[in-house]
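**Q** Pasting the sequence and the predicted coordinates here, then a few questions.
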Amino acid sequence: DTGVSQNPRHKITKRGQNVTFRCDPISEHNRLYWYRQTLGQGPEFLTYFQNEAQLEKSRLLSDRFSAERPKGSFSTLEIQRTEQGDSAMYLCASSSRTAGEKLFFGSGTQLSVL
Amino acid sequence: QKEVEQDPGPLSVPEGAIVSLNCTYSNSAFQYFMWYRQYSRKGPELLMYTYSSGNKEDGRFTAQVDKSSKYISLFIRDSQPSDSATYLCAMSAKSGGSNYKLTFGKGTLLTVNP
């Protein structure tokens, strides 16, 4: 499978715990994005990497959120001290100039904070 | 007013019907327009990708963009039960050489009844 891969698919955690999600983009895609989607809403932009550089972060990304993309390959999104309002689907997407800058999404990680 | 408005439906049609989905937007800087299909508990899948105004056809799907009216549409001909999903419009302005930052509508839930 050469699509965007996200792990885990589901995560249930207690309020106050830290969680980390992983995204493996389509190989050779140099751009990687994180979006968040809540029930009944479209995805909302969180952050964007070009290679290993994080070029933009949304105001939605509070100080409890951090994302990394070491070596410009896979990326991780960590949420510290989770709150019930963090419950959502976290989507990763990747793109490249050779792919016409079209964004291809993974299946997402569904986070439930109890 | 949100940047992108999309009627969430739900929309229910009989098999074989022509389906019309649409979005309006307020940001005149948007130049790239997309339609994604999202099945339950899956990530969005790119269906149509258009730049600027005009029509684009791909099989049973036709995307229309009218920038003067800030209105985009997706038509599905000969709809099938497998088309039952949420349809998301998305758009972006060209920024820094990459049209990375997508703004999505809420999505329209479509059910095609056999």
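**A** Alright, I've got the coordinates.
**Q** Against residue B:39, how distant is residue B:19?
**A** 16 Å (C-beta to C-beta, to the nearest Å). The way it works is simple: take the backbone N, C-alpha and C, and place the C-beta from them, glycine included.
**Q** Have a look at those two and say which one is more surrounded.
**A** Under the neighbour definition other C-beta atoms under 10 Å in any protein chain shown, residue B:19 and residue B:39 were set side by side, and residue B:19 has more, 19 against 13.
**Q** For that one, which residues are in contact?
**A** By C-beta atoms under 8 Å, 6 or more residues apart in numbering or on different chains, the residues touching residue B:19 are B:11, B:13, B:74-76, B:79, B:83, B:110, B:112.
**Q** Sort out for me which of these are in helices.
**A** Cross-referencing the contacts of residue B:19 with the helices (criterion: DSSP state H) gives no overlap at all.
**Q** Just the buried subset of the residues you listed, written out for ChimeraX, thanks.
**A** Selecting only the buried entries of the contacts of residue B:19 in ChimeraX, with 16 or more other C-beta atoms under 10 Å in any protein chain shown as the criterion:
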select /B:13,74,75,76,79,83,110,112
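**Q** Next to chain B, which bits of chain A? Give me the list.
**A** If contact is defined as C-beta under 8 Å from any C-beta of the partner chain, the residues of chain A in contact with chain B are A:4, A:6, A:31, A:33, A:35, A:40-45, A:48, A:50, A:55-56, A:91, A:93, A:95, A:97, A:100-108, A:110.
**Q** Kindly recompute the last result at 6 Å.
**A** A:41-43, A:45, A:48, A:91, A:101-102, A:105-108 (C-beta under 6 Å from any C-beta of the partner chain).
**Q** Please, where are all the strands along chain A?
**A** Along chain A, counting by DSSP state E, strands occupy A:5-7, A:10-13, A:19-24, A:31-37, A:44-50, A:53-57, A:65-68, A:75-79, A:88-95, A:104-105, A:109-113.
**Q** Quick check, central residue of chain A?
**A** To find the centre residue of chain A, average its C-alpha atoms and take the closest one (C-alpha atoms, centre = their mean): that gives residue A:34, at 3.4 Å.
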